[in-house]
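Chemist: Fold the following for me, if possible:
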Amino acid sequence: MMNNSYKVRSGIIFLCFCLLYTIIILKLYLLQIQRNAFFTELGEKQYNVSFTTNPPRAPIYDRKGKFLAMNKDSLAAFILPKKLTSPETLKPFLKKHFPHALERLAANSDAHFMYIGRRLTDEQIRLIQESNIADIQLLNEPHRFYPVPAAGQIIGLTDIDNKGIIGLELLFHPSLAGKPTTYSLERDARSGHFYFKRKTTVEGKDGEALYLTIDGDLQFLAHEELKKTIDHFAAKEGSVLVMNPKNGEILAMTSWPDFDPNDTKQIDMAHTKNRVITEEYELGSVIKAFSALAALEEGVVTIDEPIDCENVKTTYVDGRKINTVTSSITGLVPFSQVIEKSNNIGIAKVVRRLGPSLYTHYKKLGFGKKTNIQFPGERAGFVNPPEQWSKQSLFSLSYGYEITATLLQLARAFCIIANDGRYIEPTLNLKQPQTMSEKPLFSAQAITTIKQILENTVLQGSAKKARIQGYRVMSKTGTANILINGQYSPDDNQYTGAAIIEKGNYQRVIITFIRQAAQKNLYASTVTIPLLERVAEKMLIHEKIL
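Modeler: Sure thing, here's the model as predicted:
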């Protein structure tokens, strides 16, 4: 019996050991085979760490290599809500000086990290340092600094994380920001302080600097002159554009109202618009330069042909009422004087000979289509097509109504005249020069004649104040009523001045624009042409053109 009992006990012990080994084998199978991937990943998390670094945002330069946008360090303050050591001191301080941060802390008390404030002012930094609150820590962060605030509407802005949000900072964000680099580190899993091996898992790329055609000094000078004119006439809006017609490069482009890109706390986003590109207007009589060019190109008029302007301010042409502000022209005058004196009656009588071909020539000049400049928010403008014309449309189009254009489109069209009929697109990117079309869009005779007319407009017409001694200046003015609530208001006007300035091989196109001056009974000849002359003089001195 004892022998049998011993055998039973031995069998039970054996079975227990077999069961135990089976459990161990199953456990090892689960750990090492079935759940291998899970525990491998868990182990790697204990000793493998990955982190990402962003390259510095690339700068933006003007044509001479001067900074228009650069990086500058600022201080941010942060806390670790889950590890606060003295909340009884921290919270009253936040309530007094950073109330919004206290609200965020109350809503995110379990967060591992929280900003109190970023891009701190000197006063905020002083308050934090003097508080001696251990829970508040300071951190260096890069942010954008703009040495030429007058170029803010071109350059744009970045947000608090240095990401482009408007202007060229937005358009070129991917190339300016570059690509981040991701690293993998092995560390001591027990202490977490010792690192053994670092490997690049994602190769990054430095940002690419952007070189603009803008001349930062000329941009500043043009902006200063624009602001003087705005203040003098108490106007609501204005712009200046300077362009090289030979290569399409924009040298200065400024608008008002403006903003300071280095002070983003109280920015009116409407003031960040680059109105030269993003706004379109009915520009009035400045468009006569192109209706006259179309008439000359079609051969329906000559420079000396007598045109009856009737010596009145109001008349009827083909049953349509035509108003003109210029009644100094008496009876029959040469066609050149119709443009020089900016007479609506005379140009209306000429364009009725053109018919729908006027529309064709406007489109050929680039009106009604974008310039394709690299800038967000460009407007295409509009030219009323013949199939939508009323009996008034042809006349309205001849002196700048029923056609809307950006100031950049206007400059592009004047560049065609400056380039003897050849077409070139405007550009802001110094590394992407534009190519002028080989074939002229207009005949040499038509271009020569319109240049002569525009020069005479300066010598004896509405643009006399654009004269610059020693230079050939060709100019046209435009004074237009503004459409308000479906009616053209005689008391709300916009004034445009456009000019080509030449000396030898030197050429520039300048556009000046002022909208809604407080003073009444004004004309472009007394508002935008003097501005144009001052900008031109500053430009010529700056560029040392003697």
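Chemist: Just give the nearest non-adjacent residue to the most centrally placed residue in the chain, would you?
Modeler: Nearest to the mean C-alpha position of the chain, counting by Cα atoms, centre = their mean, stands Gly167 at 3.5 Å. Closest residue to Gly167 apart from its sequence neighbours, by Cβ to Cβ, 6 or more residues apart in numbering: Gly156 at 1.9 Å. Backbone N, C-alpha and C define where each C-beta goes, glycine included.
Chemist: I am assuming that neighbour contacts Met269, so please confirm or correct that.
Modeler: No: counting by Cβ atoms under 8 Å, Met269 is not a contact partner of Gly156; they are 11.4 Å apart.
Chemist: Tell me which of these two has more neighbours.
Modeler: Gly156 (26 against 10; other Cβ atoms under 10 Å).
Chemist: measure the residue nearest to the centre of the chain to Leu293 for me?
Modeler: Per Cβ to Cβ, to the nearest Å, Gly167 is found 34 Å from Leu293.
Chemist: So the residue nearest to Gly167 versus Gly248, what's the distance?
Modeler: The gap separating Gly156 from Gly248 is 21 Å, by Cβ to Cβ.
Chemist: now Thr477
Modeler: 24 Å.
Chemist: higher neighbour count, the two?
Modeler: Remark: of Thr477 and Gly248, Thr477 carries more neighbours, 30 against 25, as counted by other Cβ under 10 Å.
Chemist: The more buried one against Thr496, yeah?
Modeler: Yes: counting by Cβ under 8 Å, Thr477 touches Thr496, with 6.8 Å between them.
Chemist: Name the residues contacting each of these two.
Modeler: Taking Cβ atoms under 8 Å, 6 or more residues apart in numbering as the contact rule, Thr477 and Thr496 both touch Val286, Ala524, Thr528.
Chemist: Which of those fall in strands?
Modeler: Applying DSSP state E to the shared contacts of Thr477 and Thr496, no entry is found in strands.
Chemist: From the residues you listed, which shows the smallest pLDDT?
Modeler: The member of these with the lowest pLDDT is Ala524, at 94.
Chemist: Now do the same contact list for that residue.
Modeler: Gly284, Ser285, Val286, Ser462, Thr477, Gly478, Thr479, Tyr495, Thr496, Gly497.
Chemist: export the shared contacts of Thr477 and Thr496 to JSON lines and tack on distance to Asn162?
Modeler: As requested, the shared contacts of Thr477 and Thr496 are exported to JSON lines (distance: Cβ to Cβ, whole Å):
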{"residue": "Val286", "distance to Asn162": "41"}
{"residue": "Ala524", "distance to Asn162": "42"}
{"residue": "Thr528", "distance to Asn162": "38"}
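Chemist: Looking at the residues you listed, spot the one nearest Phe414.
Modeler: Phe414 has its nearest neighbour among those in Val286, at 9.1 Å by Cβ to Cβ.
Chemist: what about the stretch 101-250 of the chain, any weak spots by pLDDT?
Modeler: Applying pLDDT under 70 to the stretch 101-250 of the chain flags the ranges 183-203.
Chemist: Which parts of it are helices?
Modeler: Taking DSSP state H, counting those that start in this stretch as the test, the helices found in the stretch 101-250 of the chain are 122-131, 152-155, 167-171, 173-177, 216-233.
Chemist: What lies in contact with the first one?
Modeler: Identification of contacts with helix 122-131 by Cβ under 8 Å, 6+ apart yields Leu75, Ala77, Phe93, His97, Gly117, Leu120, Ile136, Leu138.
Chemist: mind redoing it with 10 Å?
Modeler: 74-75, 77, 89-90, 93, 96-98, 116-117, 120-121, 136-138 (Cβ atoms under 10 Å, 6 or more residues apart in numbering).
Chemist: Just among those, which is most surrounded?
Modeler: Ile116 (25 neighbours).
Chemist: which regions of the chain lie under the pLDDT threshold?
Modeler: Checking the chain against pLDDT under 70 turns up 1-8, 27-53, 183-203, 326-330, 546.
Chemist: How is it partitioned into domains?
Modeler: 46-66+147-212, 216-542 (automatic domain parsing).
Chemist: got a markdown table for those domains, with distance to Ile13 too?
Modeler: As requested, the domains of the chain are arranged in a markdown table below (distance: least, Cβ to Cβ, whole Å):
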| stretch | distance to Ile13 |
| --- | --- |
| domain 46-66+147-212 | 40 |
| domain 216-542 | 81 |
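Chemist: Pick the most buried one from the ones you listed.
Modeler: domain 216-542 (a mean of 20; mean count of other Cβ atoms under 10 Å).
Chemist: doesn't Ala69 make contact with the residue nearest to Gly167?
Modeler: Yes: with contact taken as Cβ atoms under 10 Å, Gly156 and Ala69 are classed as touching, separated by 8.6 Å.
Chemist: quick one: common contacting residues for the two?
Modeler: With Cβ under 10 Å, 6+ apart, Gly156 and Ala69 have common neighbours Ile60, Arg144, Tyr146, Gly164, Gly167, Leu168, Glu169, Pro261.
Chemist: Now the last one: closest residue in space that isn't a chain neighbour?
Modeler: What sits nearest to Pro261 in space, not counting adjacent residues and going by Cβ to Cβ, 6+ apart, is Gly152, at 3.9 Å.
Chemist: residue contacts, that neighbour?
Modeler: So Gly152 contacts 68-69, 146, 166-167, 223, 254-255, 258-262, 267, 271-272, 274 (Cβ under 10 Å, 6+ apart).
Chemist: partners of Ala69 in the sheet?
Modeler: Ile60 (DSSP bridges).
Chemist: what's around it, how many residues?
Modeler: If we define neighbours as other Cβ under 10 Å, then Ala69 has 29 of them.
Chemist: what separates the closest residue to Ala480 other than its chain neighbours from Asn108, distance-wise?
Modeler: Leaving aside its chain neighbours, Ala480 sits nearest to Gly284 (2.9 Å; criterion: Cβ to Cβ, 6+ apart). In this view, Gly284 and Asn108 are 57 Å apart by Cβ to Cβ.
Chemist: just Leu170 next, same as before
Modeler: 30 Å.
Chemist: likewise Thr526?
Modeler: Taken as Cβ to Cβ, the span from Thr526 to Asn108 is 61 Å.
Chemist: Format the CA atom coordinates belonging to stretch 334-351 as CSV.
Modeler: In CSV, the C-alpha atoms belonging to stretch 334-351 read as follows (Å, rounded to 0.1, in the frame of the first residue of the first chain):
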residue,chain,number,x,y,z
PRO,A,334,-6.0,118.1,-83.6
PHE,A,335,-6.6,114.6,-82.2
SER,A,336,-3.4,114.9,-80.1
GLN,A,337,-5.0,117.7,-78.1
VAL,A,338,-8.0,115.6,-77.4
ILE,A,339,-5.8,113.3,-75.3
GLU,A,340,-3.4,116.0,-74.1
LYS,A,341,-6.4,118.0,-72.7
SER,A,342,-8.3,114.8,-71.8
ASN,A,343,-11.5,115.6,-73.5
ASN,A,344,-14.3,113.0,-73.3
ILE,A,345,-16.3,114.3,-76.2
GLY,A,346,-13.4,114.2,-78.6
ILE,A,347,-12.4,110.6,-77.7
ALA,A,348,-16.0,109.4,-77.8
LYS,A,349,-16.3,110.7,-81.4
VAL,A,350,-13.2,108.8,-82.4
VAL,A,351,-13.9,105.4,-80.8
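Chemist: what's the span of stretch 283-293, first residue to last?
Modeler: Start and end residues of stretch 283-293 are separated by 17 Å (Cα to Cα, to the nearest Å).
Chemist: before we move on, back to that, in this structure the residue nearest to Ala480 contacts Gln494, no?
Modeler: Yes: using Cβ under 10 Å, Gly284 is in contact with Gln494, at 7.4 Å.
Chemist: what's the overlap in contacts for those two?
Modeler: Gly478, Thr479, Ala480, Asn481, Ala524.
Chemist: Sort out which of these are in strands and list them.
Modeler: Of the positions in the shared contacts of Gly284 and Gln494, Gly478, Thr479, Ala480, Asn481 sit in strands, assigned by DSSP E.
Chemist: Mind listing the residues bridging to the third one?
Modeler: Spelled out, it's Ala480. Beta-bridge pairing for Ala480 (DSSP bridges): Gln494.
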